[in-house]
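>>> Next come a sequence and a model predicted from it.
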Amino acid sequence: MMIVMRESATEEQVAQVVARLEDAGAQAHVSRGQRVTVIGAIGDREEITALPLEALPGVDRVVAILKPYKLVSREFQAADTVIDVRGRKVGGGHFAVIAGPCSVETEEQVMAAARAVKEAGGSMMRGGAFKPRTSPYAFQGLGEDGLKLLAQARDATGLPIVTEVMDPRDLEIVLAYADVVQIGARNMQNFLLLAEVGRAGTPVLIKRGLAATIEEWLMAAEYVVKEGNREVILCERGIRTFETSTRNTLDIGAVPVVRQLSHLPVVVDPSHATGRPDLVLPLSLAAVAAGADGLIVETHPNPQHALCDGPQSLPPDAFAEFATRVRDLVAFVGKTVS
Ligand code: PEP
Ligand code: MN
């Protein structure tokens, strides 16, 4: 349920509604819009409906949110969520170019990648220290040593760090270094992990599952927001289809669909969507045109020698050219690279 306060409602009146909901065993999520404050009530629907909320001072109306996801819906919050990551913003006209290698390999590699991202005007640095690999024999990431190298790259360039957590047991250590924690496609429905990152105070990037519907993806985000963490970025990274020309099929239509259904920012990962460096630029431009709030792209100082996803990674010179082309289109659609 959603309790919409009057424009004239005071903080005390909002607090009174929150207290009333909490007394009844419901969770209250307060969203302060430019004009009105809305309180999302999560709990037993029958019990919440039975409360005389409309009679409380300052309450305008009580409405049901019909979608299965509530707090991430546009119904609950009309304005775009803007996430501030060490001064780099995502959403609401702010566009993030997140780039870096698939995995952290060596100090030299990470520092070279970070410099390339910085010089090209990127917003944040990506890089995996805990890698979800299809083969148990493939490189699994450097773990905490990799996180330390990412922190070193951040110190040198000022770029915030986006890195994946795969297991709730590693969350504490990942949170000690990450500016944004990534939930990988394979973990999009790891509900325990989603709830854990929901209790953390660090922004979360949730990649769409390989076979997840948009609704399931938004429900994953709801798991995080329900626990109190509102800073969620959604990432479309391609889905499995019958097509084999590309590694996955980029569901570009998901971008405007999600932007209609949810206030959360949506970024696109053209690298994992296609597996092909020649398609990274065209699909990135398509993503900007479709209304995306950012991109997450793989770049490696030496793709031929990468331990993971080299073939889809842009080398530094191609990345610089890519960033220029993206920035021009971002400006054309009236947004700014943050
Ligand atoms: C990644 O970003 O390196 C990654 C493994 O992506 P995904 O979870 O989308 O496959
Ligand atoms: Mn990768």
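Cool, the structure landed. Residues are numbered from 1 along each chain as shown. Ligands and ions are numbered 1, 2, ... in the order given.
>>> residues from the chain in reach of ligand 2?
Contact residues, the chain versus ligand 2 (Cβ under 5 Å from the ion): 102, 309. To be clear about C-beta, it is placed using only N, CA and C from the backbone, and glycine gets the same treatment.
>>> which residues sit in contact with the residue nearest the centre of the chain?
What sits nearest the mean C-alpha location of the chain, by Cα atoms, centre = their mean, is residue 233, with 1.9 Å. Residue 233 sits next to 83, 90-91, 180, 203-206, 264-267, 293-294 when contact means Cβ atoms under 8 Å, 6 or more residues apart in numbering.
>>> Dihedrals phi and psi, the residue nearest to residue 254 when sequence neighbours are not counted?
Among residues not flanking residue 254 along the chain, residue 236 sits closest, at 4.9 Å (Cβ to Cβ, 6 or more residues apart in numbering). With angles defined as degrees, to the nearest 10, residue 236 sits at phi -80, psi 120.
>>> Compute the distance from the centre of the helix or strand where residue 215 lies to the centre of its chain.
If you go by DSSP states H and E, residue 215 is part of helix 214-226. The chain centroid and the centroid of helix 214-226 are separated by 11 Å, computed with Cα atoms, centre = their mean, to the nearest Å.
>>> ok, now stretch 255-266?
On Cα atoms, centre = their mean, the centre of stretch 255-266 falls 11 Å from the chain's centre.
>>> Give me the contacts around that stretch.
With contacts defined as Cβ under 8 Å, 6+ apart, stretch 255-266 is touched by 67, 69, 72-74, 76-83, 90-92, 96, 214, 217-218, 221, 232-236, 254, 268, 287, 290-294.
>>> which residues does the single nearest residue of the chain relative to ligand 2 contact?
For the chain and ligand 2, the shortest gap (Cβ to the ion) falls at residue 102, measuring 3.2 Å. Residues in contact with residue 102 (Cβ under 8 Å, 6+ apart) are 127, 128, 131, 298, 300, 306, 308, 309, 310, 313.
>>> run the last query once more with 6 Å
298, 308, 309 (Cβ atoms under 6 Å, 6 or more residues apart in numbering).
>>> can you pick the most crowded of the residues you listed?
Neighbour counts for those peak at residue 298, which has 29 neighbours (criterion: other Cβ atoms under 10 Å).
>>> I'd like the distance between that residue and residue 217.
Per Cβ to Cβ, to the nearest Å, residue 298 is found 21 Å from residue 217.
>>> tell me the phi and psi of the residue of the stretch 101-250 of the chain found nearest ligand 1?
Nearest to ligand 1 in the stretch 101-250 of the chain, going by Cβ to the nearest ligand atom, is residue 184, at a distance of 3.1 Å. Main-chain dihedrals, residue 184, degrees, to the nearest 10: phi -70, psi 160.
>>> follow-up on the earlier one: quick check: ChimeraX command selecting the buried ones in the contacts of stretch 255-266.
In ChimeraX, this line selects whichever of the contacts of stretch 255-266 come out buried by 16 or more other Cβ atoms under 10 Å:
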select :67,69,72,73,74,76,77,80,81,82,83,90,91,96,214,217,218,221,232,233,234,235,236,254,268,287,290,292,293,294
